[in-house]
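Chemist: Quick one, structure for this:
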Amino acid sequence: MKSITIKDVAQRAGVSPSTVSRVISKDARISENTKKKVLEIMDELNYYPNSIARRLANKKTDTIGVVMPYGTEDVLMNPFFQESLRGISIVSSDKCYDILISTSHKNEDEIDVLRCLIKGNRVDGLILTRSNENDEAIKYLRDNKFPFVLIGSCLEYDDITSVDNDNEKASYELTSFLIEKGRKKIAFIGGELHSVVIKNRFEGYKKALKDNNIEFKNEYLIFDKFLEESGYNLTDKLLNLDDIPDAIIVADDLMSLGAMKKIKEKNYKVPEDIMLASFNNSILAKYSNPSITSIDINSTELGKRACEKLFSILEGNESELKKEIISHKIIERDSTKSI
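Modeler: Below you'll find the predicted structure:
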C-alpha cells in the first residue's frame, strides 16, 4: 500500500507542498479557509506528518526539557514534582510537544547536563524545577541566552522568568497559625539550606516568632534533604532535646511522614503533645494518620504557568511580567486541631 506524502495532500488540496507544511507548523500567515481545507484533506487521506522530518525542516525539536534536582530516582517520589510535571504535561501536550526529564547524577556536573541538552539540540527550551543560591545552572542558561523558565525564585538576577509562591508569607502564616493555637515552642525542619525556597520559608518562620515575641532557638532549626528518612532522623534529634517542641513545621509533606512516624515511635500524641504542619498539600498529608495540616501551594498550577510562560518565550510573545506569584492557602487537618 502506497504511503501518503505531503505532495499527495498538496495536490488534492490544490496548494503547494510548502503551504501544507505551513499548515502543519501552525503558521499564522495561512488563512483559515486554506488551513481548514488542508486539514480536511489530511484527515480524508489519513495523513500524519513525519515528526522527524518536520523537526529537521523547522530546525526545532518539538521537545521541552524539565531539569530535576540531583537524584531523580528520589525526587520523583515527592508529590510536588509529580504534580508540577502534571501541570507541565497538560500544556506541552496541547502544544504537541514532548517532555525530556533530565537530572545530574553522582559525580556528574549539572552544567555538563545542560551543555549536552543545549549543544546537542535536544530541546527547544527548559524548565528548572528548583533554585539555589548562586545557582550555576541559571547563570549558564542566562549567559547562553537559552530559553528557560524557573519554578522558584532567583536571588541574584531580576530578569529571570519565573513562577513561584510567596514562600516567606506562607511560612509566616503557618507559624502564626500554630501560635494562635497556643504553641510557643515551634521547631522548623527544612530541606537543604542552600535552596532558595527553604531560605524564604525559614525567614517567614523567624519573622512570625519575632512578631509574636517568641524567642528563636537555634536547636529548633534543622536541615537535611527532602526525603522521608530525613524527616524521621531530624525529628528524632528534636525529641531528644531537654526541652522538646510542642509544634513542628516541616518544609515538605514527604519529610512530614517521617516526622509523624518518629513522633509516634516516641509515644507522643499528635496534636495533643505535638502539632505538625507542612507544605505542598499532597495526597501524603491528606491520607496520613492523623491527617496533616499543610499549605496548598498549587503545584499543578505552578507547572502549568511555567510551561505556558516557556511557550510564550518560544513563540516570541513573552510578557513583560517576568515573575508570577501563585496563591497559597492553609488546609487544616487533624494534626493541628484542638481537642
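Chemist: Would you map the strands across the stretch 151-300 of the chain?
Modeler: 162-165, 186-190, 221-223, 247-250, 275-279, 293-296 (DSSP state E, counting those that start in this stretch).
Chemist: So what's the gap between the fourth one and the chain middle?
Modeler: Just to be clear, that refers to strand 247-250. Centre-to-centre, strand 247-250 and its host chain are 22 Å apart (C-alpha atoms, centre = their mean, to the nearest Å).
Chemist: Return the list of strands paired to that strand, each annotated with direction.
Modeler: Applying DSSP bridges, strand 247-250 is found paired with strand 186-190 (parallel), strand 275-279 (parallel).
Chemist: Off-centre distance for the first one?
Modeler: This means strand 186-190. On C-alpha atoms, centre = their mean, the centre of strand 186-190 falls 22 Å from that of its chain.
Chemist: I'd like to know how many residues surround the nearest residue to Ser171 once chain neighbours are set aside.
Modeler: With sequence-adjacent residues excluded and distances taken as C-beta to C-beta, 6 or more residues apart in numbering, Ser171 is closest to Gly204, at 3.1 Å. The C-beta positions use only the backbone N, C-alpha and C, and glycine is treated the same way. Neighbour count for Gly204, taken as other C-beta atoms under 10 Å: 23.
Chemist: where do the helices sit along the chain?
Modeler: Using DSSP state H, the helices of the chain run over 6-13, 17-24, 32-44, 51-58, 72-75, 79-94, 110-119, 136-143, 167-180, 196-211, 228-239, 253-265, 283-286, 299-314.
Chemist: Confirm for me that the residue nearest to Ser171 is in contact with Asn165.
Modeler: No. In this structure, Gly204 is not within contact of Asn165 by C-beta atoms under 8 Å, at 10.9 Å.
Chemist: quick one: low-confidence parts of the chain?
Modeler: Applying pLDDT under 70 to the chain picks out residues 1-2, 50-59, 70-76, 104-108, 319-321, 339.
Chemist: change it to 80
Modeler: Residues of the chain meeting the criterion pLDDT under 80: 1-3, 21, 24-28, 48-60, 69-77, 103-110, 318-321, 338-339.
Chemist: Now the nearest residue to Lys139 once chain neighbours are set aside, what are its backbone angles?
Modeler: Distances taken as C-beta to C-beta, 6+ apart place Glu156 nearest to Lys139, at 7.7 Å, with adjacent residues excluded. Torsion angles at Glu156 (phi, psi; degrees, to the nearest 10) stand at phi -90, psi -30.
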